[in-house]
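A.B. asks: Need coordinates for the below:
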Amino acid sequence: QVQLVESGGGLVQAGGSLRLSCAASGRSFSSYSMGWFRQAPGKEREFIAAIYRSGEFTAYADPVRGRFTISRDNAKNTVYLQMNSLKPEDTAVYYCAADRNWNNGYAHRYDYWGQGTQVTVSS
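C.D. replies: Numbering: from 1, shown residues only. This is a model prediction of the structure:
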């Protein structure tokens, strides 16, 4: 069992930055790939980024590539999402998720989910 807790969301102006964190419980954090997803009101959950177990592979969705960076610190059981050049369309609840495999954007294949953190970008 893995429990995930996101933090770092908030209100920011367009062009600003935020760093989200996701702290995981359990001793097997490094055996999971980790992903970030987001969901805006009235929209489906959307893949943002994923990082493999030791961090050697990453994947990004086109809308955020070049602006967002996913990273992890396995010693701290934490995954991060650095978000730069934020746009109003980035406004959503952001979720982290743990995956025993490497399923990238296939949300239904992830094994554990956090409760989410709200990110609001004002214009």
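
A.B. asks: ok, and the closest non-adjacent residue to residue 39?
C.D. replies: Excluding its sequence neighbours, the residue lying closest to residue 39 (C-beta to C-beta, 6 or more residues apart in numbering) is residue 45, at 4.5 Å. For the C-beta atoms, the positions are set from N, CA and C on the backbone; glycine is no exception.

A.B. asks: can you check residue 36 too?
C.D. replies: Closest to residue 36 by C-beta to C-beta, 6+ apart is residue 48, at 4.3 Å.

A.B. asks: so when I look at that neighbour, I'm seeing a strand, right?
C.D. replies: Yes: the assignment for residue 48 by DSSP: H, G, I helix; E, B strand; the rest coil puts it in a strand.

A.B. asks: Quick one, grab the pLDDT at it.
C.D. replies: Residue 48 is assigned a predicted lDDT (pLDDT) of 97.

A.B. asks: just to revisit the earlier point, isn't the residue nearest to residue 39 right up against residue 38?
C.D. replies: Yes: using C-beta atoms under 8 Å, residue 45 makes contact with residue 38 at a distance of 7.3 Å.

A.B. asks: Quick check: neighbours shared by those two?
C.D. replies: residue 95 (C-beta atoms under 8 Å, 6 or more residues apart in numbering).

A.B. asks: So these two - more neighbours on which side?
C.D. replies: Neighbours were counted for residue 45 and for residue 38 using other C-beta atoms under 10 Å; residue 38 has more, 23 against 17.
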